[in-house]
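[1] coordinates for the following, if possible.
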Amino acid sequence: MSRIGKKIISIPKDAQVTVSGQSVKVKGPKGELEFSIPDAISHEMKDGTMSFARSSDEKHVRALHGLVRAMINSMIEGVTKGFTKTLDIEGVGYKVELRGKNLYLSLGYSHPILFIPPPGITFAATSATQLTVTGVDKQLVGEVSAKLRELRAPEPYKGKGVRYQGEYIRRKAGKSGGKGK
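    Numbers count the residues shown, from 1 in each chain. Modelled structure (predicted):
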């Protein structure tokens, strides 16, 4: 039995979970999300809790058991609290600017980069070198953060680039400045 899949999800009062067949809709103060549960996983809702069970012990069904529980739990957390990721921009002349909802990044290229947020994602530039990505969908927040980091990944010599807050960049030693002998 999956340790994650066995855990019961308690539904908070400000979240509304609607189940119709294998489709689950979660509505809360921050938004609304929908997920389709695979047929191999059954669900049960009672007294403000939700539990999941699997139909067989096949490998792919066992994998789905924990996945479905984690997805529904993340949806509930997303519509009640939301998810955020903070990115730090490091380097001389590297900066971020918010114009309306769009993001303009200067990352050492000959042109600024325009990044338009997908629906459900909001940006906040707390300073010229720090950016916060916020949304209700955990996967989408992570994906957008990864795309922004990919624009100029941190390099190992000076550490310049876009990195997650708290991310450790392993540094390399540069060239040694001696003569050839």
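[2] okay, CA-based contacts and neighbour counts for the rest of this
    Will do.
[3] tell me which residues are up against stretch 83-92.
    Applying CA atoms under 8 Å, 6 or more residues apart in numbering, the external contacts of stretch 83-92 come out as 95-96, 129-138, 141-142, 145, 149, 159-165.
[4] what's the offset of that stretch from the middle of its chain?
    Shown here is stretch 83-92, whose average C-alpha point lies 14 Å from the average C-alpha point of the whole chain (CA atoms, centre = their mean, to the nearest Å).
[5] for it, which residues meet the burial criterion?
    Neighbour counts using 16 or more other CA atoms under 10 Å place 83-90 of stretch 83-92 among the buried residues.
[6] cool, and stretch 154-162?
    Of the residues in stretch 154-162, those scored as buried under the neighbour-count criterion (16+ other CA under 10 Å) are 154, 159-162.
[7] convert that stretch to CSV, retaining C-alpha atoms only.
    Coordinates of each C-alpha in stretch 154-162 appear next as CSV, following Å, rounded to 0.1, in the frame of the first residue of the first chain:
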residue,chain,number,x,y,z
PRO,A,154,23.3,30.3,-13.2
GLU,A,155,26.9,29.7,-14.3
PRO,A,156,29.4,28.0,-12.0
TYR,A,157,32.3,30.6,-12.3
LYS,A,158,30.8,33.9,-11.1
GLY,A,159,27.3,32.6,-10.3
LYS,A,160,25.6,35.0,-12.7
GLY,A,161,22.1,34.2,-13.8
VAL,A,162,18.5,33.4,-12.6
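[8] hmm, who's touching it?
    Applying CA under 8 Å, 6+ apart, the external contacts of stretch 154-162 come out as 87-91, 94, 107, 148-153, 163, 169-174.
[9] please spell out the ChimeraX selection for the buried subset of those residues.
    A single ChimeraX command suffices to select whichever of these are buried according to 16+ other CA under 10 Å:
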select :87,88,89,90,94,107,148,149,152,153,163
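[10] give me the contacts around the top helix by length along the chain.
    Criterion DSSP state H: the longest helix present in the chain is helix 59-80. By CA under 8 Å, 6+ apart, the list of residues contacting helix 59-80 from outside reads 1-7, 9, 11, 14-15, 26-33, 35, 37-38, 40-41, 51-56, 135-138.
[11] got the phi and psi for the residue most central in space within the chain?
    If you average the C-alpha coordinates of the chain and look for the closest C-alpha using CA atoms, centre = their mean, you land on G142, 2.5 Å from that point. Backbone torsions for G142, taken as degrees, to the nearest 10, come to phi -70, psi -40.
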